[in-house]
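S.K.: Predicted coordinates and the sequence they were generated for:
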Amino acid sequence: MELIPPEEWKNRQNKFQGLLVGNGLEGCLVTQNVGIYYFAGSMQTGYLFIPAEGEPTYYVRRSLSRALTESAVRSVELGSFRQFGSRLAEDYPGIFASGNHPMIGADLDVLPTQMYLRLKEAIPAANMADASLLLRRVRSVKSAYEIGRIEQAAQAAAAAVEHGLNCLREGVTELDLMCILEQVMRSAGHAGLMRMRGYNQEMPTGMVAAGEAAAEPTYFDGPAGGRGLSPAVPQSSSLRPIQRGEPILIDIGCCIDGYIIDQTRTAVIGRLPPQLQAAYDTAEMILQRTEESLKPGASPETLYLQAVALAEEAGLADHFMGFGPDQVKFLGHGIGLELDEWPVLAKGFRDPLEAGMTIAVEPKFTYPGLGVVGIENTYLITETGFRTLTVSKEKLFEVPVSS
């Protein structure tokens, strides 16, 4: 793991404190593991309090000894949870002075109701406000360090796809191919998981799914979920053997030092049927047209609506980003420590793109009974346009039929 520069943490804290001041908040209580790591550099159980001015404090329940070796901020033992409010008042008397009722932000989009009620009881002086928009906004623009982690993950994912395609033969199961890909990425440092913020959303390394199995709908909020191994794991790869002439969707991520690359490539043993080939060609066209507008100042909503219009012009609107009631209403999403970061290329997201944002763009077409085709790259928005972080070749991978 590359040593993280000390100024990395300070810059993150300073940017967020500016948002707190601008939104009338006197501090923020970060409770989620990923959020704590982003500001403190450690992911031990506890609570991070970030004042609008001054130094943050990480109140650790377990393991304090490890937090003390990892954390970039002041770290102390949490102690009695019932006394948490008193601890905050001791450490931040200007905020929690007797008689004050400060407005304190929290990550209410991920904070369980039971824990919220316990915090309200432990810190009765505080008025809790939802700071989730601010937390997601500050993380949407990446530093050079963060971009470097995503680039390293991209290299590992590309090596995995190349090796996996060399091993692809008729009769290999989806899970077999997924295991080959994972072994390559794990050896390169892949954590074996991809974190998501959305409630009840979870994601393994990704999915390898072929034919009709790729097009089976599921709860996962994406254009393709996959059959999975059972109703207990209703997404990703199954034990279905891969056959010639059917689309193979290789939609994988790789997570190195917490940061994720997300990419999709389509493969086939032999050739795709004409209908699916035309849909794949349209997906590539939509990706290229999106790239033409991918720059600072672009509206995420406009990029999404343009893609929908292009799918309609091609006569494929019914299959774009899913099928029927299972279609998803986005073209892409921010990516970083979580798979579902901001911005989202979807209706309602009008705040312009900024340099430093990292976005996965994934036009896909779903055909029930036949399969899913598409392509996905992760991009960095630069000062003048974009840079593609994904390094796998952009093409339909046609694997020769074995004799």
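M.R.: Cool, got the structure. Numbers count the residues shown, from 1 in each chain.
S.K.: from here on, contacts and neighbour counts on C-alpha atoms
M.R.: OK.
S.K.: give me the element residue 377 is part of.
M.R.: Following DSSP states H and E, one finds residue 377 within strand 377-381.
S.K.: And the helix or strand just after that strand, what's buried?
M.R.: Where DSSP H and E defines the elements, the next helix or strand beyond strand 377-381 is strand 386-388. When burial is assessed from 16 or more other C-alpha atoms under 10 Å, strand 386-388 yields the following buried residues: residue 386.
S.K.: What of stretch 51-61?
M.R.: Using 16+ other C-alpha under 10 Å as the burial criterion, the residues of stretch 51-61 that qualify are 51-52, 56-61.
S.K.: what's the answer for stretch 193-211, then?
M.R.: Of the residues in stretch 193-211, 193-197, 202-203, 205-211 count as buried by neighbour count, 16+ other C-alpha under 10 Å.
S.K.: Average pLDDT for that stretch, rounded please.
M.R.: Per-residue confidence for stretch 193-211 averages out to 93 on the pLDDT scale.
S.K.: What lies in contact with that stretch?
M.R.: Contact with stretch 193-211 is made by 110, 174-175, 177-178, 182, 192, 214, 220-221, 225-227, 235-238, 242-243, 246-255, 260, 337-341, 369-372, as judged by C-alpha atoms under 8 Å, 6 or more residues apart in numbering.
S.K.: and if we set it to 7 Å?
M.R.: When contacts are defined by C-alpha atoms under 7 Å, 6 or more residues apart in numbering, stretch 193-211 is touched by residues 174, 178, 192, 220, 226, 236-237, 242, 246-255, 260, 337-340, 370-371.
S.K.: In strands only, show me the residues you listed.
M.R.: Where the contacts of stretch 193-211 overlap with strands, as defined by DSSP state E, the overlap consists of 248-255, 260, 371.
S.K.: Please list only the buried members of these.
M.R.: Among the ones in strands among the contacts of stretch 193-211, those classed as buried by neighbour count (16+ other C-alpha under 10 Å) are 248-255, 260, 371.
S.K.: Identify the farthest-apart pair in those.
M.R.: Within those, two members stand farthest from each other by C-alpha to C-alpha: 255 and 371, at 26.7 Å.
S.K.: so what does whichever helix or strand residue 38 is part of touch, helix or strand wise?
M.R.: Of the helices and strands defined by DSSP H and E, residue 38 is found in helix 33-40. Using 3 or more C-alpha pairs under 7 Å, 6 or more residues apart in numbering; DSSP states H and E as the contact test, the elements touching helix 33-40 are helix 6-22.
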